[in-house]
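The sequence and its predicted three-dimensional model are supplied below.
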Amino acid sequence: MNNDFKLLTDLFVETQSGVTERIKNAEIELNQLSEEPNFYLLLLQYIENNNVDQVYRQLATLYFKNFTIKNWYEEDEDGDILPSKIFNEDDQNKIRKNLVDLTLTTPRLIQNQLLEVVKKIAEIDFYENWPDLMTQLTSKLDTDNFDVINAIFSIMNMIFKNYRYYTCSDELLIEVDYVLKAIQETLVKMLEELTNFFDNIKQSNDPNKQSQYFRSLKLVSKIFYSLSCHQLPAYFDTHLDTFCIMFEKFLEYDNGQFKSQESEVATELEKLQTAICKNINLLTTKYSEDFNKKVTTFLQSVWKLLLRLDLKTRYDKLVIEGINFLTSVSRGEHRDLFGEADTLKDICENIVIPNLYFREISEDIFEAEPEEYIRQDIEGSNENTRRSASTELVRSLNNYHEKAVTEIFSEYVFLMLEEYQKNKTENWKSKDAAIYLVIALTVKTKTQASGATSASSLIDITSFYNEHILPEITNNDSNPVLKTDSLKYVLTFRTLLEKNIVSDLMGTLVTLLESQSYVINTYSAVLIERILAIRELESRKPRFNKDDIKNGLEILLTNLFAIFTFEDEELNDYVMKAIMRVTAVSKDYVIEVSEPIIGRLSEIVLSICKNPTKPHFNHYVFETFASIIRTFKYYKADLTIIENQFLPIAKTITELENQDLAPYVYQVLAQLLEGRTQKDFEQSNELKEFYFEFLLPKVLDQESWKSKGNIPALTLMFQAYISVIPNLLVENGYLENILNYFLQMVPRRVHENDAFKILDSIYLHIDVQSYQSYLPDIFKGIFDRLNLRQTDKFIRLFNVWLSKIIGKHGVILVIEAIDSIQKNLFSNILSSIYLKNINKIQYPIHKKAILVSLLRMLTDSNVMINDVYSKSWPLILTEIIKILENVREQLPKNNIDDNDFEIKEDVSFSTEFSKLMFTHKRTKDFFPEFNEPKNSFIDLITNFIKNNNGFNFLQLIQNQCPDQYGDIINYLNNLQISFN
């Protein structure tokens, strides 16, 4: 073993040599060693050996961590966990058996690395494959060594913390119950011992020991939260006093000696108090019956705590959690405690206003990191701040004591505005706080899309706007922060302010786009974008239309694009989003100015394609392209203007195989292609050369499909090609290539939607004779997937597609294709997959396809009442009746114009593929002519009965549906349908 240790040491020495070749050779040899049996047990022994230099033990730990985390399991394209190719089951069992002991006994730097390994393995293996982990941990708690205790609690905390983010389910509660049975008694016992040990800690002059002690209690508090966040465990409920004694004791404890006045890093005591506030907040909001009697006591403790904390950043999390607790109490059964005027004054003076004030750290961010300031302020990523917590407290108090709160807090607003007027240069922070307080007092309800949707009747938002907001926006010398605050006020109340007020402001906003201040020009762009996106609260119709921006359209777009020339703003995604919105709202007016816009967008794409660093910016660039193309198609404008500039760029990006931009390029190309016709290809060599000779081979190339992000976009390309040039595809033998990709996609859960989109396009645009011979392979691919992994979603996709095929071409075509795979297979699919699950399909257009399919199966052919299929005929009839009993006499026609681009904004970003919202197409109604279901049913079944005169339908129904027989006959009789 000594030789093995020496070899490892030599290799780790080489990895630190600084010589590339020696490092590379050492890494190769280490990787070769890793393939030998028991290598990782040897590595663990090496890490454990105190005789080995700690530097090399740390290197070994780092190697072990990286390799183990990377190779502990495999993951397929659908995200399903597969067995490791590196570690066999015996290796994993041995590592799990030894890992905890090693983690608990190694020095802190090594321990921290090993904790990450434990966490990663536990995320996958606990508790089914690592059932004794909790036993391993609790068995080591019988010690007075805080290093060991905290290591154990750290492991527990890392594992249990995930429970906070899971949806509550039976599966989760079973796992939590398993954990509780293993640790609850030990945990409560440890808490009692730790609490009782407090006197010894107070007398200790060892800061490290005190810190370790408070860290232990902090970890216990976090574990309590994680295990209680969904359901208060019965054992914790029984011993709630034990927890509350500790909570109260340490909320009130103020160890001045332990505080480091210079440090901006929170102490372990302050972190403990933060965790306690989070716990009592949880108990107040979710378990008030259990905690109700203790609320008043904790309210006093938290109040005292908040009063003794100043504005240092080290206290931020503690102050936020403390205010959150006050907010929760103000909403619960004890809310009347806040109703007294003196109490409200104390809250406003001592809690709200100090924590609303613009802080030095925010000022630094405003000046040095303007993009971060915008992100925090607009996107709400600063929701966990003192200011946001104070705002939420005001809103909560206002909900229950509106008159008193508004009167008292408004006095402070007046005083702060008065203070500002005395010296506008020095006292601008007073007005800043006043504006935020007014917003907090006024907003009743709000949404991300609309801003404030209802406001307090006690505050006139228009008067405050005219008197205090508009002057700051229009004054060139206004403080930049106050100007930004004022823009935020308009952004907040944009939907509630009258249209003329907002319209009159647009000219000023266009001018503010020229500001050299990143925050001001960006905030102006954001406000313009949000104003143009306003929808009336009741009708949901857009408030602003193309005529509202017609006259200033050119200067608006000029100023927006000009911002990209400002320092550090060449990739300003907020501005790009504003350009997208302007082009969408201006509709056909944008066509008149489209050539320079397309040119500028093309330049931007060329500049980012080499190094696309900002995903949101990239997304909105291509959304803008898609918006303009959608407008061109709707108004039947000549797409050549766009194609002349975009197609060369698209060719460059697809040739470079840029994985960040290619999915966007393919989406836009699909949209452009769908604006063309077969006739365009016959008349234009340029179109045929690009789309058919250059692009189609690229789309069909396996290399293009290796990128996951390309697959949805390439699917859209297939759909576009199939819809525009179906004959060219069939004549040149490309249909088989396309179907091969369908067969590649259908086994994968992540690509199943795209797979069926291809089939839908083929069904819609290609003659059945051209793909009939491929149907057996298509069905076999689908059935292989059903045998491999059945999900409700996949079954729904299959059933809807099958309904479309049968509804259009009849059941015989499908029976022949499926039964060519295996005799009578269709009968099995019909009963076990189709009829069993169609009741789960509720989307109206899909429901219509189901009904059309059932009617055709019921009445098209005698085959369904003969031989093996006859058993299904009454079941089909029963399903039709179920649907007819729940639909109106007239099915709604799908006559909404698919080119109507006033669509709901729903942008979701992914590292691989993000859908462009302006390429959205509504779900197609495959049977637009079928709108009178009951009349169609009566006509079809009457003729079918007539054509099969002498067949005993009644006997067939009674044999297969004895329990429903009476209801079926009564329903048919009511429709005057008779089998006689």
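That came in fine, so what should we check first? Residues are numbered from 1 along each chain as shown.

Tell me where the model's unsure across the stretch 851-980 of the chain.
The stretch 851-980 of the chain contains residues with pLDDT under 70 at 888-911, 980.

Could I get the contacting residues of the closest residue to residue 401 other than its chain neighbours?
Nearest residue to residue 401, sequence neighbours excluded (C-beta to C-beta, 6 or more residues apart in numbering): residue 339, at 5.1 Å. Bear in mind the C-beta positions are built from the backbone N, C-alpha and C, glycine included. Residue 339 sits next to 400-401, 404 when contact means C-beta atoms under 8 Å, 6 or more residues apart in numbering.

what helices or strands is the helix or strand harbouring residue 396 leaning on?
In the assignment (DSSP states H and E), residue 396 maps to helix 386-400. Counting contacts by 3 or more C-beta pairs under 8 Å, 6 or more residues apart in numbering; DSSP states H and E, helix 386-400 is packed against helix 316-331, helix 353-356, helix 402-422, helix 428-442.

can you do 10 Å?
The elements that helix 386-400 packs onto, with contact taken as 3 or more C-beta pairs under 10 Å, 6 or more residues apart in numbering; DSSP states H and E, are helix 316-331, helix 353-356, helix 402-422, helix 428-442, strand 443-447.

and residue 392, which of the ones you listed is closest to it?
Closest to residue 392 of the helices and strands packed on helix 386-400, according to C-beta to C-beta: helix 316-331, at 5.4 Å.

Report all helices and strands that the helix or strand that comes right after that closest one contacts.
With elements assigned by DSSP H and E, the helix or strand that comes after helix 316-331 is helix 341-346. Applying 3+ C-beta pairs under 10 Å, 6+ apart, we find helix 341-346 packed against helix 402-422.

Check the offset of the helix it packs on from the chain's centre.
Helix 402-422 has its C-alpha centroid displaced from the chain centroid by 40 Å (C-alpha atoms, centre = their mean, to the nearest Å).

now stretch 765-783
In terms of C-alpha atoms, centre = their mean, the centre of stretch 765-783 is set 36 Å apart from its chain centre.

And the residue nearest to residue 829 when sequence neighbours are not counted, how far from residue 745?
Spatial nearest neighbour of residue 829, excluding adjacent residues (C-beta to C-beta, 6+ apart): residue 818 at 6.4 Å. The gap separating residue 818 from residue 745 is 20 Å, by C-beta to C-beta, to the nearest Å.

Now do the contacts for residue 942.
859, 975-978 (C-beta atoms under 10 Å, 6 or more residues apart in numbering).

go on, residue 132?
Contacts of residue 132 by C-beta under 10 Å, 6+ apart are 96-97, 100, 139, 182.

which of those lies closest to residue 650?
Residue 650 lies nearest to residue 96 out of these, by C-beta to C-beta, at 51.6 Å.

Can you tell me the SS state at the closest one?
helix (DSSP: H, G, I helix; E, B strand; the rest coil).

Point out the other helices and strands that the strand or helix carrying residue 740 packs with.
In this assignment (DSSP H and E), residue 740 forms part of helix 734-745. Contact here means 3+ C-beta pairs under 10 Å, 6+ apart; on that basis helix 734-745 packs against helix 696-700, helix 702-705, helix 710-724, helix 726-731, helix 752-765, helix 768-771, helix 775-788.

and it, which residues are buried?
Buried positions in helix 734-745, judged by neighbour count with 16 or more other C-beta atoms under 10 Å: 734-735, 738-739, 741-743, 745.

for stretch 473-487, same thing?
Residues 473, 478-479, 481-487 are the ones in stretch 473-487 that count as buried (16+ other C-beta under 10 Å).

same question, stretch 289-299
Buried-residue list, stretch 289-299, by 16+ other C-beta under 10 Å: 291, 294-295, 298-299.

List the ones among these that fall in strands.
Counting by DSSP state E, the buried residues of stretch 289-299 place none of their members in strands.

TSV please, covering those and showing distance to residue 796.
Below are the buried residues of stretch 289-299 laid out as TSV (distance: C-beta to C-beta, whole Å):
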residue	distance to residue 796
291	44
294	50
295	48
298	50
299	51
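
For these, work out which two are farthest apart.
Once C-beta to C-beta is applied, these give 291 and 299 as the farthest pair, at 11.6 Å.

so what sits against both of the two?
Joint contacts of residue 291 and residue 299 (C-beta under 10 Å, 6+ apart) are 280, 284.

coming back round to it: may I see the helices and strands packed on helix 386-400 organised as CSV, with mean pLDDT, mean neighbour count and distance to residue 594 added?
What follows is the helices and strands packed on helix 386-400, written out as CSV (pLDDT from 0 to 100; neighbours: other C-beta atoms under 10 Å; distance: least, C-beta to C-beta, whole Å):
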stretch, mean pLDDT, mean neighbour count, distance to residue 594
helix 316-331, 96, 23, 49
helix 353-356, 95, 22, 46
helix 402-422, 96, 17, 46
helix 428-442, 97, 23, 39
strand 443-447, 93, 15, 33
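
Same list, these, but as CSV with distance to residue 456 please.
Conversion of the helices and strands packed on helix 386-400 to CSV gives the following (distance: least, C-beta to C-beta, whole Å):
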stretch, distance to residue 456
helix 316-331, 17
helix 353-356, 18
helix 402-422, 7
helix 428-442, 5
strand 443-447, 6
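
do you know which of the ones you listed lies nearest residue 268?
Smallest distance to residue 268 across the helices and strands packed on helix 386-400 (C-beta to C-beta): 12.1 Å, for helix 316-331.

on that earlier part again, and the buried ones among the contacts of residue 942, selectable in ChimeraX?
Those of the contacts of residue 942 that count as buried under 16+ other C-beta under 10 Å are selected in ChimeraX with:
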select :859
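
Wasn't residue 358 part of a strand?
No: per three-state DSSP, residue 358 lies outside any strand segment and is coil.

ok, now which ones touch it?
Neighbour list for residue 358: 366, 387, 428-433, 436, 481-482, 485 [criterion: C-beta under 10 Å, 6+ apart].

could you dump those to TSV with distance to residue 699?
What follows is the contacts of residue 358, written out as TSV (distance: C-beta to C-beta, whole Å):
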residue	distance to residue 699
366	47
387	51
428	58
429	58
430	62
431	58
432	55
433	58
436	53
481	51
482	54
485	51
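
closest to residue 79 among these?
Nearest member of these to residue 79, counting by C-beta to C-beta, is residue 387, at 38.5 Å.
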